Every structure is written in structure tokens, then in C-alpha cells.
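> Dropping the sequence and predicted coords here.
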Amino acid sequence: MIKRIPLAALIGLFFTALYFFAAIFAPLIAPYGMAEVVGDVWEPASAQHWLGTDNIGRDLLTRMIYGGRTTIFIATAATILSFSLGAVLGFTAAVLGGWADQFLSRVVDLVMSIPSLILALVILSVTPVTVPVLVVIMGLLDSTRVFRLARAVAVDINVMDYVEAAKLRGEGRRWIIFREILPNALSPLVAEMGLRFIFMVLFISTLSFLGLGVQPPMADWGGIVKENKDGIVYGIGAALWPAVAIATLAISVNLVADWVLNRTTSLKGGRGG
Amino acid sequence: MADNALLDIKNLRIEATVYPPGEDPQDVVIVDDVSLQLEKGKVLGLIGESGAGKSTIGLSSMGYGRGGVRITGGEVILNGTDILTGGVRGLRKVRGKEVCYVAQSAAAAFNPAHKLMDQVIEAAIEHGVASRAEARKRAVTLFGKLGLPDPEHIGQRYPHQVSGGQLQRVMTAMALCSQPDLIVFDEPTTALDVTTQIDVLAAIKEAIRDTGVAALYITHDLAVVAQVSDHIMVLRNGKKVEYGTAEQIINDPHEEYTRALVSVRSIAHEEKKPTETPILSVKHVTASYGGGITVLKDVSVDIHEGQTLAVVGESGSGKSTMARAITGLLPPSEGEITFDGRTLSRRLDQRTKNDLRELQMIYQMADVAMNPRQTVATIIGRPLEFYFGLRGKERDRRIGELLDEIEMGTGFADRYPAELSGGQKQRVCIARALAAKPKLIICDEVTSALDPLVADGILKLLLNLQKIENVAYLFITHDLATVRAIADSIAVMFQGKVVRYGPKSQVLSPPFDDYTDLLLSSVPEMQIGWLEKALANRKMESAGN
Amino acid sequence: MGVALKLVAQRFALGLLLLFLVSVLIFVGTLILPGDVAQSILGQSATPEALANLRRDLGLNEPALARYLSWLGGVFHGDLGTALTSGQDIATTLGRRLGNTLFLAFWAAVISVPLAIFLGLLAVRYRDRWPDKLISAVTLASISIPEFLIGYVLMYFVGVKLGWAPTVATIYDGMSIWQKLQTIALPVAVLTLVVLAHMMRMTRAAILNVMQSAYIETAELKGLTTFKVIWRHAFPNSIAPIVNVVMLNLAYLVVGVVVVEVVFTYPGMGQYLVDHVSKRDLPVVQACGLVFAGVYIGLNMVADIVSILSNPRLRHPK
């Protein structure tokens, strides 16, 4: 079963792990305190401050590490919420069929007929902007996508002859969901999980950048852009570091997801045999 | 000979690159050192099982390789020129003008966006063979010759507005329209029902004779190719096995492999006499799908212990629906099903575990009938666990026994379905059904997706197991040769009804009803000249009526 | 023609129904959520009188259904109410802003749609060779970076370091069209980049899908030239999927616009919406949300209608 891991996936795994490691151990790694003012405004990179300082003289590397911690934490929490909810409801809809399936699918259609960012903004106009609220809004809105995928995958598997064979054998619903459907649905879902996670990172960064996400003085990647964007016109690139961070994280996760997906299709044996 | 040679393929070698998952790409040889000649106006049949390279050779005569397939050696000389040396431009001049192609699935091969006529005359106009008006006239003539209804106007229809058998004829007309020297027929009748196949086959044969075009006829069915070919080449794994006249190949095959192909489905099976009480009795069952379309109308059949009832019919006859009604997957709206003396609940979820155990099912596509994430041991072991509570060593011992029974051996226990061949997969499915110690197994087209020799092996295995286990089969198939090989009694289905039912000897002997007659007379026999005889008989009958 | 027309009518009706349900969702969504709207507008330190006044002004004391119906009635007459923060008529401001946004989106579409289709075709033509691989690498990179960061990267390198284009895209009425176009060069470039990748990849997939059909093989085996194979046989069957791709991406553009406007302080709907979300000016937010959703639903509907109309099975039923 275990195949050689291609180089691209290895690189992806390495960077993904690195980012998560930095996020978890941020207080141990970061050279300074998160909100500690340690220098002048927008100092250039130096031995003391590898990335320079930010708009009020905080160490930018420290801000980036803590920012990564916030961003990754929120994105992870929202992904978990979106996945548990979307996958459970999607499977249920597919296996139950009929009325329950119709109802859930139409609600999802409705929510998905509005762009998530717009809907999130509308909701945020009346709710307090705190981390739990953000996680719930992002998770709920995104669970619609997971729902569609999980349902589609489960519906495909549910009509397979091997599921029918299990039904004819007299197997209960539990065996059918957990032993026949889930093992075959897992890999596409895991790959999708990577993509959803990236989307969450982009989503929370965008919200923070618009001033409607993580609130200062807490650091997060979108917020760092917002704080330092005025420097751009003076030729100060501090606001661009989050771009580097987000892009490397996103590409790494993408590479891992691609690998998981490819491995799955090969396991299925598709045209083999 | 050399003067007449239209197509001369010399030492053809064809390779393709495959991408096994997780490994480096590899080059594999698909066709290895094959040579053949075809004279003007003659038909050469290319025959072999899947993977024999027959389609690849056929397409090479047009200089075409499907999906990454490359011609890496040899010459393809057509009308005296090697078409492989002419580059893309040279090939374009040949394709559609000197050589035309008729595909297996005409439904996919026609562009859904254009009318049939525009597609039929396209090549003739493109190559300047005829003016638009001439080409149209010719097409209409061809439509008539090929027996299409309303030849004047059928060209104005779109592909989806025409039936499969008709599309296949339109495609033949399309190939003939630019008056080529050679037509490549690539399994042109394989996707059709038998009663449609015979008409299309006759139309193709007549068109070949009338126009004097030469043809490469590719198929996996030796009986079909025997009807249309002058010569036959038998291929296996990209290599030539035997080449000869059609008569020699059918009546006097030299090679072992060819002999096996010729004698396929000649399994002798003595019909057993019905017992006192049937094991399964279907009485006046009617069933319909959600939309209210009745697909099964007042069906009654019996199956006796240790015997085989074959249910034959073409696509849409309701034979698979009968299986679904018996299993309870599609609860019948009327009628009664008794099994081993007790009445079965109509619905699956109301049946007892014992009912379910004693009535097992095997599917057509073994590929999707097994969970790709389970090993052979899990697949076969689950019924043992589920019905008999077997665990651990006891279970493993029984799995071993079953694997021996299907002639595979315990070495396969830890394999995944993807690691098995098509025949092996079907065997594992048989073992899974046997594991439940059933009294009746429903076999739904279990050999249709397999190559003839592999299918033969499966049929022999099933017959053998019937002797040992005394299990009854409800055998659903569209293939009458299979029916002859294994049935004790037969039910012929047509449009949801059983039109003929009884012991095999009786069902297969005259006098016949119209449909059974049509069905029986449509099944190609391994005999030169069968097609003419069958058509002549039909004409006589219709004249007599 | 009957079947297709019926389906089109059905799809149109569905679009209207969706729009109606979305209006309910937006209205109800802003009502039933936890938190007192008046409180969150005025902040924690607000006096009870002030809160009561605001509630009255907002009509919060009336039953929800009555408020929704009067709001919906207003929407039908083009009356979107007045902004809480400025007291200005929302419809007037929104109209001007929407015009600006469409101006921006229009130019982004004019550049990106043909470019994406061309590059998508190029990727198909040189499938698995370097142009294809380069295109997919660029795609991966650009879907991995949020729009606003692409904006700042361009602003930093093209606007500041190279000085080729203005970094702020403030347009006003007195400008000539040429001046306007110069001003919006960077935001248009960003939006183009953002949708280009998606559109290119989807176009590539759509055309590849068609090119792998058996009827393309048939056409090739007729000895047609590559151009005729593509023009006569691939193109008619690719219209629907490509229109679908374009519409989906224009819908995506609508979202991208929100962020890009904020980056370049462009006076469009996106900035209007974001500003008023921060100020918790509910009527403005609802109006903007409805307009955005309407555009999005409309584009998706057009995509579906085109694919219905271009399907020969529906146009020429049996």
C-alpha cells in the first residue's frame, strides 16, 4: 500500500509541518513579545530584526509568527467545524434520501446562491466581531461546500453494487455507512479538507484585512497587511510578508492534497485489473 | 497477389506509454511484429480477446494511434505508398478518402451538434470526391441500401433522434459515402441487441459486396466474423496466432488457442427433470418503477432444487427487473413469491436473515460488486461472520476452502480486488455467494463483461459447483449460447412478459412463437454461411405468411 | 423548441424565487442573530433613551414580518431607505457606486475573458508541454494568494518601484474616459489576474473534455484539418461549458471587486459595503448584499440558460 512519496508532496508536507509547528510553539520561537514595541517605525531588516519592524515599531518576524498562530488556529477550527457539519449532513442526506435530502440540499443551494464573503459581511454587520463568532460564521458558510461534496461522493458510492450486495446480505445501516461507504469516501474528502483549509486561511485574512476579522492588538496575517499597507506607497514592503507566508502555506497544503487525491485514485484501481 | 494488394502491413510494431500509479512511466509493446495483406474487395477479420491489439492494428491502417499509442516500427503500405512516411498532411489525404472508419459506438462517434446528413457527406466534400448535391444523392441511396427507414429524410435528424441500430447503419453509409478503397469496421455490432445485430450485419455485408470495397472487420466474436470475412487473423496479446481463410479457421483450426475460441460455449449439459416442488416459485408478479411504468407484467416461473432457470431477453425486456423483484430490492405491486415452501415478504427489510442467506446474488460487473477497500478475505469472510458467526481460525479455514472451490487458492486471501483479473474477480464474487450456503443464486449477466474463454471457465465452474453444492441458479442473460450451455429450463422475456417458458429441450424446439423464433434465428452460429441461411429462412417464412 | 423554452422559463422562475428567498435570508439573517442591533450600532456606552430612539427609528418595535414587507415594498419601488450614518438616500448613492463597480468589472472582463480563453486553448494545444505546465503553475500560485495581497504586490512593484501606474484609483465624474482607464489600470490588472487563473484552468478542462469525445476522433479520421476539427466539431459543443466558465468567473469577479476596491480606494459598491459593515449601518448593508446577490444569481442563471439553449437534445427533441 505504501508508495514512494513524490518530492512535491514531501516539500508540501515539510512546509505544512513547519507552519503548524511555528503556530503551536509561537511563544517559544518568537524573538520578542507579540505587542512589544522594540524599535523605530518600519526599520529595515537587520540582525536584531530579521524582517525589520512594523508600523509602530514592533518586530515584524514576531508579529508574523504570532499572526500565523492566530490565522492557522482560526482556519483549523473553522475547517473542523465545516467538515464535521458538512460531512455528517451530506452523508445523512445521501443515505436517507427522500424528504430530508431534498430539504437539506435546497437550503444549501440557497446559501450558496450568495457569495460567502458577501453573506459573511452582511452577518458581521450585526454580530460582534470576536474569534468564536468568526469561526462559527466561516465554518457554517463553508460547510455548504463540504455538504455538496460529501453528498455527491456518498450518493455515487451508495448505488454501487457492493453496497447493494451488503444490503441484500441484510447488513444494518451502521455497517453500510462505516464499512462500505466511508472508507471509499474518505480520501476525496481528506483532499478536499486541504483545499477548504486554504480557503479558510484566505477567508480570514481577507476579513481581517477589511477590518472585520481579528481585532488589534492581536496579530494575524490579514491584519499585518492592514497595519502596514500605508508603507507601500513609500516603498516599504512590510505588508508583503504575509503574501509570502500565505502563498507558501497554501501551495504546500495544495501539494499534499494533490498527492492524497492521486494516491486515492490509484488505490481504487479504476481501470486496473 | 502483389498487383491486387490494397493494404500491405509489414512487421508492424506499436507501443504505448503507461503510467502505473506511484511508479515511473513505462513503454509497453501493444502490437509486436504483425504483418498482413488485404486484396481489393476482400474482407479480413481480425479477432482476439481484449488486449489483443486488434483495434490498434485496424487504426494503424489509417496511421492513427489512440491516446498516446505510437507506431514504432514497420510499414503500412496502402495503394502502393507507405502512409507512415507521408507526415500529417499525407495522412489527412488518406483518411476519409481512401480509408474510412466505422466505430463500435456510433452514438458517441456522431457529433451531437450536427445533423446526420452534414456529417455523412463531410468527408466526401472535404476531399473533393463529390459535390454537395452529388454527395447528398449518394447518401440517400446508401441509406436506402442499408435498409434505413425514410432514406430521403433521415439525414435531417440529429444523432440522438435515431436508434442505436440505425445509427450504426448511418455510420456505415458515412464510411461508404466517399467511396473509399478500405473500411475499418471496429466491432460495429457489439453494442447492439442480437435481433438488431443480424440486420446490421446483413446490411454491412451487402454493402461491402455491392460497392466492392475492402474491409478490415474487427471483433471479439468469431461467429460474427465468420459471416463476413474471406480471411481471418487470430491475435493474442499483440501477436499473430493464426492466419487463414475463414473456412480453414472455423472448420480446421491449427493452433490450440484458435481451437479454444472455436469450441467456446460448446459445454454439454444434460437437462435435468423438474422435481416435485420448486425451490422458488414466482406467481403472477407485476412490478413497476416510481414513475408508474410497469416493467414486469404478470410473470410466473418456477426454479427447482439444484437446477438452472435461464431468463433470456434483450435490453429492456425486464429480465433484470425480475431479479430485483425476487430479491425485494423492487417490491412487486402484485403477485406472490414462495421460497422453499414459505412466502417471501415483498420488501427486503422485512425478510428474515435466513431468507436473505439462502438467496444470494452475483452481478455482471464484478469490478463494482466488491468494495475496493476490502481484501478478498474480508469480502468472502463477511458472510461467514454475518450468517454463521465464524471467527478467527475457523473463518480462515472456511475462506481457504472456498478459495479452493473457485480454483484460486489461499494465496489470494490478502489481495485487493484491483489486483485481480476480470475472471478472478467474478470467481471471488461466486465464493462470496457460496459462503452463505445458499439454496438459490441469482446470476445477473455474470459472464457478459468477460472475454469468451474466461466466460467459459466461469460457466464450467458454476456447473461444477451446482453438482457439489446442489444449488439452484436463476441465470439472467441476453446470450443464447450461454443458455444452451447451462440451462435446465428457460424463460424467454419480451417487453416485461414471459413469452415462452418450459424445459430447455421444449423451449428450443419448434413450433416457436414469433419472438423466440426471431431471437433464436438471430444468434450467430460458428458456421460459414449461417447468415445467408438465417436470412433465407426468414424470407421464406414471411413469404409463407 | 418547446422543451428548451419550457426549461428556460423554469430556470428563470427559479432565479426569481432564489432572489426572493435571498432577500428573506438577508433580512432575517440580520434580525435573528444574537445581539441587539441598536446596541451594536451605538456601542456599550449608549444611554437607554438613545437606544429606544434608535429602535423606533429602525422600526425595531414593529413585528418582523411587517418590517420585511415594507422593506421589500420599498425595494420594488427602487426605494432602499436612507443610510443611518449619513441620512443620505441609499438608492442614489448605490446607483452611482454600482455604475463605478460595473465600469471596473467591465474592463476586467473585457481583458480577462478573451485572454483566458486564448490561454486555455493554448494549454490544450500544448498539453503536457511547457506552456501548459507554466500555465498550471501560475494558476496554482494565483489561487494560493488572496486578492488583496496580489493588489499590494502589484502596487508595490508596478506602482511604487516602477512608477508605471497610479497606486490610488480614485475616479470622479469630471474625468475623461482615458484618464479613468489610466487610473484603474492596477485594479483591473489585479482583477484580471485573479479570475484569469480560474478561467484558464476551467476552459482548459472544458475543451479537453470535448476533445476527448469519440466524435472528435471520427472527425480526425475523416482527414479534416485540425482547424476544421476544432471549428466544426469541438467548438459547437464547447460553447455551453465555456459560457458556463465565463459566467462563473464573472460571478467570482463580483466578490473580488469588493476587496480590490478597498485596496485601491476605488469609489465602488464594494468599498461602500465594507465601510458600512464597520459602521453597522444596516439598511446600506442589506441593500448592497441584495444587489451583489442579485448580480451573482443573475450570472449563474444566464450560464444555465445558455447551456439549455445550446443543448441539441433539448433544442431538437425526439
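Okay, I see it. Bear in mind the structure is a predicted one, so any value in this text is a computation, not a measurement.

> in the chain, which ranges drop under the pLDDT threshold?
Since you didn't name a chain, this refers to chain A. A:1-4, A:263-273 (pLDDT under 70).

> not what I meant, chain B
B:1-4, B:20-24, B:265-266, B:290-292, B:541-545.

> element containing the one residue in the stretch 151-273 of chain A that gets nearest to chain C, please.
Nearest to chain C, among the residues of the stretch 151-273 of chain A, is residue A:250, at 3.4 Å (CB to the nearest CB). Using the backbone N, CA and C atoms, a C-beta is placed for each residue, glycine as well. Element membership for residue A:250, per DSSP states H and E: helix A:241-268.

> returning to what we had before: residue A:196 is in contact with the residue of the stretch 151-273 of chain A closest to chain C, correct?
No - proximity of residue A:250 to residue A:196 does not meet the contact threshold set by CB atoms under 8 Å, at 11.9 Å.

> Among the two, which residue is more densely surrounded?
residue A:196 (26 against 23; other CB atoms under 10 Å in any protein chain shown).

> secondary structure element for the more buried one?
helix A:182-209.

> Then residue B:165?
For residue B:165, the host element (DSSP H and E) is helix B:164-177.

> And that helix, what's buried?
By neighbour count with 16 or more other CB atoms under 10 Å in any protein chain shown, helix B:164-177 contains the buried residues B:165-177.

> same thing with stretch C:258-271?
Within stretch C:258-271, the residues that count as buried by 16+ other CB under 10 Å are C:258-264, C:266-271.

> Does chain C have contacts with stretch B:60-73?
Yes - Stretch B:60-73 reaches chain C (CB under 8 Å from any CB of the partner chain) through B:62, B:64, B:66.

> So which of those are in helices?
Mapping the residues of stretch B:60-73 next to chain C onto helices (DSSP state H) picks out no residues; all lie outside.

> For these, give me JSON lines that also has distance to chain A and neighbour count.
Output for the residues of stretch B:60-73 next to chain C, formatted as JSON lines (distance: CB to the nearest CB, whole Å; neighbours: other CB atoms under 10 Å in any protein chain shown):
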{"residue": "B:62", "distance to chain A": "25", "neighbour count": "23"}
{"residue": "B:64", "distance to chain A": "21", "neighbour count": "19"}
{"residue": "B:66", "distance to chain A": "14", "neighbour count": "10"}
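
> With respect to residue C:164, which of the residues you listed is nearest?
residue B:66 (49.5 Å; CB to CB).

> Excluding residues flanking it in the chain, which one is nearest that closest one?
residue B:59 (6.4 Å; CB to CB, 6 or more residues apart in numbering or on different chains).

> again, but for residue B:110
Excluding its sequence neighbours, the residue lying closest to residue B:110 (CB to CB, 6+ apart) is residue B:159, at 3.9 Å.

> Let me see the contact set for residue 165.
Looking at chain A here, since you left the chain open. Contacts for residue A:165 (CB atoms under 8 Å, 6 or more residues apart in numbering or on different chains) come out as B:361, B:363, B:369, B:432.

> You answered for a different chain; I wanted chain C.
Taking CB under 8 Å, 6+ apart, one finds C:158, C:159, C:182, C:185, C:186, C:189 in contact with residue C:165.

> Narrow those residues to those that are buried.
C:158, C:159, C:185, C:186, C:189.

> what residues go with each domain of chain B?
Following the assignment in automatic domain parsing, chain B carries domains at B:7-262, B:280-371+B:433-509.

> so which of those gets nearest residue A:73?
Taking those one by one with CB to CB, domain B:7-262 is closest: 34.4 Å.

> how long is the closest one from one end to the other?
27 Å (CA to CA, to the nearest Å).

> where does the helix holding residue A:250 sit relative to the chain's centre, distance-wise?
The chain centroid and the centroid of helix A:241-268 are separated by 11 Å, computed with CA atoms, centre = their mean, to the nearest Å.

> Stretch B:297-315 now?
21 Å.

> Just the C-alphas of it, formatted as CSV.
Output of stretch B:297-315 as CSV, limited to C-alpha atoms (Å, rounded to 0.1, in the frame of the first residue of the first chain):
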residue,chain,number,x,y,z
LYS,B,297,-46.2,-7.9,-16.2
ASP,B,298,-47.8,-10.9,-14.6
VAL,B,299,-44.6,-13.0,-14.5
SER,B,300,-44.8,-16.7,-13.3
VAL,B,301,-41.8,-19.1,-13.2
ASP,B,302,-40.5,-21.9,-11.1
ILE,B,303,-37.0,-23.0,-10.2
HIS,B,304,-36.2,-26.5,-8.9
GLU,B,305,-33.6,-27.5,-6.4
GLY,B,306,-30.2,-27.9,-7.9
GLN,B,307,-31.3,-26.8,-11.3
THR,B,308,-30.9,-23.7,-13.5
LEU,B,309,-33.6,-21.5,-14.9
ALA,B,310,-32.2,-19.2,-17.6
VAL,B,311,-34.1,-16.0,-18.2
VAL,B,312,-33.3,-14.6,-21.7
GLY,B,313,-34.2,-11.4,-23.3
GLU,B,314,-32.8,-8.3,-24.9
SER,B,315,-32.1,-5.0,-23.2
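
> wait, what's in contact with residue 135?
Since no chain was named, I'll use chain A. A:74, A:77, A:78, A:81.

> look at chain C instead
Residue C:135 makes contacts with C:119, C:122, C:123, C:200, C:201, C:204, as judged by CB under 8 Å, 6+ apart.

> and those residues, which two are the farthest apart?
Longest span within the contacts of residue C:135, CB to CB: C:122 and C:201, 12.5 Å.

> Mind checking if the lengthiest helix in chain C is in reach of chain B?
For chain C, the helix with the greatest residue count under DSSP H is helix C:90-125. No - applying CB under 8 Å from any CB, one finds helix C:90-125 separated from chain B by no less than 14.5 Å.

> Just give the nearest non-adjacent residue to the residue of the stretch 151-273 of chain A closest to chain C, would you?
The shortest distance from residue A:250 to any non-neighbouring residue, by CB to CB, 6+ apart, is to residue C:144 (3.4 Å).
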